[in-house]
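Undergrad: take a look and give me a structure for this.
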Amino acid sequence: MGKGNLGGGAVWDGGTANEKQKLFFLARTPFVAYGGAKGGGKTWAVRTKAVGGAIGNPGIRILIMRRTYPELEENHIRPLVRSVPKEMGTYTASVRRMTFFNGSTIKFGHWAGDASELEYQGQEFDWIFIDEATQFTERAFHFLKGCLRGVSPYDKRMYLTCNPGGVGHGWVKRLFVDRDFRTDSPDPEENERPEDYSFIPATVEDNVFLLKSSPNYLNMLAQMPENVRRAYRYGDWDALGGCYFREFRYDVHTREPERLPEHWRRYRALDYGLDMLAVLWVAVDEEGRSHVYREWTREGLIVRDAARGILERTLPGEEITATFAPPDLWSRQKDSGRTMEEIFRECGVALTRADNNRVQGHMMVKDMLAPGRDGRPFLTVSRACQRLIGDLTVIQADDRDPNDCAREPHEVTHTVDALRYYCVSRVAPSLPAGETGEEGPDLTFLFGGEPTRGYIEYG
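TA: Down below sits the predicted model:
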């Protein structure tokens, strides 16, 4: 693959493929990953495979995804607009789509988290390319898998390129490198079939054209820090762990949903913006250990709707000691002179200002994840809180400050920020049951229609 012809003399010549790129072009499994080390010719392979597929398969619908639009424009849109003759395909900037003479299309997209889910909901493609897949969350990967559909005669396929590191390091490594597939689900449709996945490893040595044009590239890779060099030079997937909260372990820090004693103190913590509201409910036991037992996330809510949703999800009689929130909610709006904190308070959600020191807050999260003297951590999470668990698992360290979390991709930061506001705030251990100093109210909480006295549902 690399050339296409059209009557009248128009010719598209994408170049010459190396041996690993040829394997990528010929792969026929539903999910194909290519790469590993830097300099393996991944981006060129994506462009060439996509255009060749569009020319050779009339009416095919193709999507090329990158994490950000500047990367998309620089690595795909501009090169293809320059190289594809107008007689073969024309690019429409307003919809970021190239339409070919035979009815085939290539759509160019970048992933903006939850906003992209709304944009691509219901869209159908025959082939999807995720360039630099380790910059995408597993949630994004599964969402895009759902767009592989339609009545066209073409086999539905997803092509990924990847390097070690990044927010998607874990799931890409699991599926394509370790081949650790989930096969024990009670629902057969949820199982991952090993025969659907193939991986074509490539290093800079495979890209002879790059080595000829940039002979100093190997020297540049050799001067990187040891772990980065192992990952980018040799494609070592064990060199970069990828996650900021390395302390977090699913078997240690998560619990099955259960009923928690009613006398435990309860708190909320939230991160608010129009792009996303993230709220956590946390209970503290007599030893001062914290248990996140409920979460709620929702995008596009004004303050009044956010407050209403928080109150609706807080059970009757569930006394909240404090709701921690970021300081920016106390900033006065230029148009009204009011603060968002005021509106939350008027709507029945009183807020407590949390410290917004990112490094200190994230270090407090790490400290609470660490084992105490008895080997148990001071922070656990209900397995019902899947969003928080997933975000803690994938969020990266900041490239510029290893003491801080990365701020991108933004969609994985909201629940982590809410947890940070909680952990950096001072909370008191609960008194033992019956040591409140006064007779408490007779509380009954209904779960599934069955009355339960003295407990709150965990999860």
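Undergrad: so where do the strands sit in the stretch 251-400 of the chain?
TA: Secondary structure of the stretch 251-400 of the chain by DSSP state E, counting those that start in this stretch: the strands cover 254-255, 258-261, 265-272, 277-284, 290-298, 322-325, 352-353, 379-382.
Undergrad: worst average pLDDT in these?
TA: Confidence, taken as mean pLDDT, is least for strand 258-261 of the strands of the stretch 251-400 of the chain (a mean of 90).
Undergrad: that one: how far from the chain's middle?
TA: 30 Å (Cα atoms, centre = their mean, to the nearest Å).
Undergrad: hang on, the earlier thing: for the strands of the stretch 251-400 of the chain, which one sits closest to residue 102?
TA: strand 290-298 (43.1 Å; Cβ to Cβ). Heads up, the C-betas are built off the backbone N, CA and C, glycines and all.
Undergrad: mind listing what's buried in the closest one?
TA: If you call a residue buried by 16 or more other Cβ atoms under 10 Å, then strand 290-298 has these buried ones: 290-297.
Undergrad: out of these, the closest to residue 198 would be?
TA: residue 297 (34.5 Å).
Undergrad: which residues touch that closest one?
TA: Shown in contact with residue 297 (Cβ atoms under 8 Å, 6 or more residues apart in numbering): 276-279, 387, 414-415.
Undergrad: pull out the buried residues from the residues you listed.
TA: 276-279, 387, 414-415.
Undergrad: and the two most separated of these?
TA: It's 277 and 387 that sit farthest apart of the buried ones among the contacts of residue 297, by Cβ to Cβ, at 11.8 Å.
Undergrad: returning to what we had before: among the strands of the stretch 251-400 of the chain, which comes closest to residue 52?
TA: Of all those, strand 290-298 sits nearest to residue 52, with 40.7 Å by Cβ to Cβ.
Undergrad: sheet-wise, list the partners of that closest one with their directions.
TA: Strand 290-298 sits in its sheet next to strand 277-284 (antiparallel), strand 379-382 (parallel), going by DSSP bridges.
Undergrad: can you tell me which helix in this protein is longest?
TA: The longest helix of the chain (DSSP state H) is helix 42-56.
Undergrad: packing partners for whatever helix or strand comes next after that one?
TA: Following helix 42-56 in sequence order, the next helix or strand is strand 61-66 (DSSP states H and E). When contacts are defined as 3 or more Cβ pairs under 8 Å, 6 or more residues apart in numbering; DSSP states H and E, strand 61-66 packs onto helix 42-56, helix 69-72, strand 105-110, strand 127-130.
Undergrad: redo that, cut-off 7 Å
TA: Helices and strands touching strand 61-66, by 3 or more Cβ pairs under 7 Å, 6 or more residues apart in numbering; DSSP states H and E, are helix 42-56, strand 105-110, strand 127-130.
Undergrad: ok, the nearest residue to residue 127 once chain neighbours are set aside to residue 44 distance?
TA: Once flanking residues are discounted, residue 127 sits nearest to residue 62: 4.7 Å by Cβ to Cβ, 6 or more residues apart in numbering. Here the criterion is Cβ to Cβ, to the nearest Å. By it, residue 62 lies 16 Å from residue 44.
Undergrad: pLDDT below threshold where in this protein?
TA: Within the chain, the segments meeting pLDDT under 70 span 1-9, 240-242, 434-459.
Undergrad: what number of residues lie near residue 357?
TA: Neighbourhood size, residue 357 [other Cβ atoms under 10 Å]: 12.
Undergrad: stretch 406-419: how far from the chain's middle?
TA: Relative to the centre of its chain, stretch 406-419 is centred 9 Å away, using Cα atoms, centre = their mean.
Undergrad: please identify the buried residues of that stretch?
TA: So for stretch 406-419, counting by 16+ other Cβ under 10 Å, buried means 406, 408-409, 411-419.
Undergrad: ok, back up a step: in JSON lines, list the strands of the stretch 251-400 of the chain along with distance to residue 332.
TA: Below are the strands of the stretch 251-400 of the chain laid out as JSON lines (distance: least, Cβ to Cβ, whole Å):
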{"stretch": "strand 254-255", "distance to residue 332": "40"}
{"stretch": "strand 258-261", "distance to residue 332": "38"}
{"stretch": "strand 265-272", "distance to residue 332": "16"}
{"stretch": "strand 277-284", "distance to residue 332": "21"}
{"stretch": "strand 290-298", "distance to residue 332": "25"}
{"stretch": "strand 322-325", "distance to residue 332": "16"}
{"stretch": "strand 352-353", "distance to residue 332": "14"}
{"stretch": "strand 379-382", "distance to residue 332": "34"}
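Undergrad: any idea which of the ones you listed gets closest to residue 17?
TA: strand 290-298 (43.5 Å).
Undergrad: tell me the angle the closest one makes with strand 265-272.
TA: Between strand 290-298 and strand 265-272, the angle comes out at 40 degrees (axes from the mean of the first three to the mean of the last three Cα atoms, to 10 degrees).
Undergrad: what residues are up against the closest residue to residue 114 other than its chain neighbours?
TA: Distances taken as Cβ to Cβ, 6+ apart place residue 299 nearest to residue 114, at 5.0 Å, with adjacent residues excluded. Neighbouring residues of residue 299 by Cβ atoms under 7 Å, 6 or more residues apart in numbering: 114, 275-276.
Undergrad: quick one: which of those sit in helices?
TA: Per DSSP H, the contacts of residue 299 map to helices at residue 114.
Undergrad: ok, of the contacts of residue 299, which one's closest to residue 232?
TA: Of all the contacts of residue 299, residue 114 has the smallest distance to residue 232: 30.5 Å, by Cβ to Cβ.
Undergrad: I figured the closest one hits residue 411, correct?
TA: Yes - in this structure residue 114 lies within contact range of residue 411 using Cβ atoms under 7 Å: 5.7 Å.
Undergrad: tell me, how many residues neighbour the residue lying closest to residue 363 once chain neighbours are set aside?
TA: Once flanking residues are discounted, residue 363 sits nearest to residue 403: 7.2 Å by Cβ to Cβ, 6+ apart. Around residue 403 sit 13 other residues, with neighbours defined as other Cβ under 10 Å.
Undergrad: I figured residue 403 hits residue 361, correct?
TA: No - contact criterion Cβ under 7 Å: residue 403 and residue 361 do not qualify, at 11.1 Å.
Undergrad: identify the contacts common to the two.
TA: Counting by Cβ under 7 Å, 6+ apart, nothing touches both residue 403 and residue 361.
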